[in-house]
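# one predicted model, sequence on top.
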Amino acid sequence: MCASASPAAASDPVVSRGVTIPAFYTPPAELPPGNGKLIRHEPLRLGLSLPGLNGRRLPGTATRLMYTSTDSNGQPVAVTGAYIEPSAGWKGSGPRPLVVVGSGTMGQGDQCAPSLALENPLTLTGQTVSFGYETLAVHRLLATGAAVVVTDYVGLGATDRLHTYVNRVDEGHAMLDAARAARSVPGATVTAASRVGMYGYSQGGGASAAAAELQRTYAPDVPLAGTYSGAPPADLTEVTKGIDGSALAGALGWSINGFAQAAPALREVVEANLNDTGRKALKDISTTCVGDAILGYGFTKSTRWTTSGKSVGEIIAGEPAARAVLDDQRLGRLKPTGPVRLATGTQDDIVPHAQARQLAVDWCKKGADVTYKAVRLPNLGDKLLTNHLVPLLTDQGDAVDWLADRLKGKTARSNCWTMPAQP
């Protein structure tokens with residue numbers, strides 16, 4: 001392993017639901033100063049790759065990363081991820097561009113980390129199920145000749161804390177600092193002058209949107225050329241209503257766990273209102289991946305977890321301090337840097353369509369360059385995830401093409417003027 005810092009000493013390896021997390025993912029006791037600094041790196045074997053004619057693997061050569069960032073409380077944090085140098089050449093102008101990929105929801109257990117999913121596309125044991133469904137998007141982006149860096153977000157993979165699920169500041173910072181860290185990877189052909197794109201769907205759509213909003217003040221040195229935000233959870237109050245009782249009800253637990261860790265005001269409210277069933281559920285959910293959560297908690301209503309029988313959303317809405325935590329996560333209050341493409345399925349009932357559309361409206365009102373795409377499909381099943389996942393696939397090709405044009409320096413054409421007629 002090539003490394004600039006060693007893992008913190010640990011008597012025993014971290015094991016999450018039967019999966020031993022590599023020592024690489026244990027952050028060092030002290031972090032180097034600054035954001036986007038490479039802490040350590042090592043070669044990463046891509047689970048889905050082919051031999052190339054020139055001896056290089058297709059679609060590229062991967063490197064596992066750990067880099068520095070700043071969390072929502074202003075504290076330094078180590079984040080893991082992966083950089084992939086593509087086999088395809090870059091045919092556009094300027095240096096090879098970079099796309100930062102924010103994965104969709106993978107879970108909260110460290111074994112669910114996107115960088116581990118690149119290495120093992122399917123993790124299937126008696127205790128956990130994880131599937132690297134973002135691999136298709138990563139390969140499509142690499143085929144354009146752009147390099148790709150995938151972030152694991154704060155606390156997903158890295159073993160020092162819980163993953164702070166859908167925390168806009170943590171996710172936005174992790175995306176922007178991944179772009180910075182990529183420049184320092186040995187053998188990387190991206191430079192400080194490389195155009196950068198942000199790409200994400202669902203949780204990743206919220207992360208890419210947050211990165212675009214935060215770039216101006218947090219990372220002006222990252223030359224952001226375009227952002228794709230698919231099905232973004234822009235208003236967590238509305239998203240909570242969508243996931244509660246759905247096939248992905250476990251995601252509500254990930255959100256509660258993450259914010260309880262970062263925000264004492266919400267933690268106090270949660271602890272005062274959970275019953276024993278709720279406490280056990282949240283502890284168990286904290287180590288699950290998507291597959292585990294669906295199998296173990298699919299269609300569970302949070303009313304089962306509370307002493308009053310009220311939903312978690314109702315309880316938070318009734319407590320001003322807790323409600324303020326979610327209100328602070330609202331996307332759309334800042335103008336994003338550069339052109340953005342926002343896509344949302346009109347039937348999406350998990351990350352509700354209306355709140356995603358409202359993000360586009362809010363951005364347009366701020367004078368942002370927005371390309372809005374309403375993905376129109378029939379109702380494919382209430383609360384089953386199908387209405388949320390199918391647009392990911394049907395729109396992915398257009399999303400990659402749009403972002404590739406931005407990386408080539410082509411001008412985007414905002415369609416904000418069509419919003420009154422758009423569903």
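In hand now; what should we look at? Numbers count the residues shown, from 1 in each chain.

# tell me, how many residues neighbour Arg45?
Burial of Arg45 is recorded as 11 neighbouring residues (other Cβ atoms under 10 Å). Any C-beta I mention is one placed from the backbone N, CA and C, and that applies to glycine too.

# hang on, it packs against Ala62?
Yes: assessed by Cβ atoms under 8 Å, Arg45 is found in contact with Ala62 at 7.3 Å.

# would you mind measuring from Leu116 to Gly74?
Counting by Cβ to Cβ, to the nearest Å, the gap from Leu116 to Gly74 is 28 Å.

# more neighbours, the two?
Higher neighbour count among Leu116 and Gly74: Leu116, with 27 against 7, using other Cβ under 10 Å.

# show me what contacts the more buried one?
Thr123, Ser130, Gly157 (Cβ atoms under 8 Å, 6 or more residues apart in numbering).

# can you confirm it is in a helix?
Yes: according to DSSP: H, G, I helix; E, B strand; the rest coil, Leu116 belongs to a helix.

# backbone phi and psi for Leu136, please?
phi -60, psi -50 (degrees, to the nearest 10).

# can you check Ala211 too?
The phi/psi pair for Ala211 (degrees, to the nearest 10) reads phi -60, psi -40.

# how many other residues sit next to the closest residue to it other than its chain neighbours?
Nearest residue to Ala211, sequence neighbours excluded (Cβ to Cβ, 6 or more residues apart in numbering): Met175, at 3.9 Å. By other Cβ under 10 Å, 34 other residues sit near Met175.

# so Met175, which state does it fall into?
Assignment for Met175 (three-state DSSP): helix.

# could you check how far it is from Leu403?
14 Å.

# kindly report the same for Ala146.
Applying Cβ to Cβ, the value for Ala146 to Leu403 is 8 Å.

# what residues do the two have in common as contacts?
Residues touching both Ala146 and Leu403 (Cβ under 8 Å, 6+ apart): Val99, Gly197.

# quick one, strands of the stretch 301-423 of the chain?
In the stretch 301-423 of the chain, strands defined by DSSP state E, counting those that start in this stretch lie at 340-345, 370-375, listed in chain order.

# scratch that, the stretch 1-150 of the chain
For the stretch 1-150 of the chain, applying DSSP E, counting those that start in this stretch gives strands covering 15-16, 19-20, 38-44, 50-51, 57-58, 60-70, 76-86, 98-102, 122-124, 129-131, 147-151.

# out of the ones you listed, which gets the lowest mean score?
The weakest mean pLDDT among the strands of the stretch 1-150 of the chain belongs to strand 50-51, with a mean of 64.

# so where is the chain shaky, pLDDT-wise?
Where the chain drops to pLDDT under 70, the residues are 1-11, 50-56, 58.

# let's see that with 50 instead.
Scanning the chain for pLDDT under 50 picks out 1-10.

# and Asp170, how far from Ala210?
Taken as Cβ to Cβ, the span from Asp170 to Ala210 is 9 Å.

# show me which of those two is the more surrounded one.
A direct count of neighbours by other Cβ under 10 Å for Asp170 and Ala210 places Ala210 higher, at 33 against 26.

# from Ser246, how far off is the more buried one?
For Ala210, the distance to Ser246 equals 23 Å [Cβ to Cβ].
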